[in-house]
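Enquirer: this is a predicted model, with the sequence first.
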Amino acid sequence: TFVVTEACVQCKYTDCVSVCPVECFHEGPNFLVIDPDTCIDCGVCVPECPIGAIYDEADLPPDQLAFIDINARLAAEWPVIVAAGEPLPEAERWAAITDKRALIEN
Ligand code: SF4
Ligand code: F3S
């Protein structure tokens, strides 16, 4: 399955959403996740993210492994998002910040 990682937090560019063939993205206030039960492993979302936040589970950087569980847990709580929208207002600034998982809003 594919996994949205920490880079997405506070950015939420949503370009990934417009290419997913199976509607597996779920949206929270400042982060997006992939439902691992819906993802068909097509990989087309990966190059769409302008900040490289999406990885194949098998290729996750070691410091992002917690996001496997975070995606599964939040996908069960958050609604599906089917259309791309505007990034969060300060996305550009937050894109340069790496340590921000504690900021995920629920
Ligand atoms: Fe959707 Fe394919 Fe990305 Fe999975 S890998 S989230 S199916 S676009
Ligand atoms: Fe997040 Fe990148 Fe999609 S920032 S919303 S994973 S395009």
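Expert: Nice, thanks for sending it over. Numbering: from 1, shown residues only. Ligands and ions are numbered 1, 2, ... in the order given.
Enquirer: near ligand 1, which residues of the protein are found?
Expert: For the chain, the residues in contact with ligand 1 (C-beta under 6 Å from any ligand atom) are 2, 19-20, 22, 24, 34, 39-45. Any C-beta I mention is one placed from the backbone N, CA and C, and that applies to glycine too.
Enquirer: which of those residues fall in helices?
Expert: Residues of those located in helices (DSSP state H): Val19.
Enquirer: who in this structure is up against ligand 2?
Expert: Counting by C-beta under 6 Å from any ligand atom, the chain sits next to ligand 2 at 4, 8, 11-16, 32, 48-49, 51, 53-54.
Enquirer: which one among the residues you listed gets closest to Ala91?
Expert: Nearest to Ala91, judged by C-beta to C-beta, of these is Cys11 at 4.1 Å.
Enquirer: got phi/psi on that closest one?
Expert: phi -110, psi -60 (degrees, to the nearest 10).
Enquirer: show me the contacts for the residue nearest to it when sequence neighbours are not counted.
Expert: Counting by C-beta to C-beta, 6 or more residues apart in numbering, Cys11 lies nearest to Ala91, which is 4.1 Å off, once chain neighbours are set aside. With contact set as C-beta atoms under 8 Å, 6 or more residues apart in numbering, Ala91 has these partners: Gln10, Cys11, Lys12, Tyr13.
Enquirer: same check, this time on Pro29
Expert: Glu105, Asn106.
Enquirer: got the buried residues for stretch 21-31?
Expert: Cys24, Phe25, His26, Glu27, Gly28, Asn30, Phe31 (16 or more other C-beta atoms under 10 Å).
Enquirer: ligand 1 versus the fifth one, what's the distance?
Expert: As judged by C-beta to the nearest ligand atom, to the nearest Å, Gly28 and ligand 1 stand 16 Å apart.
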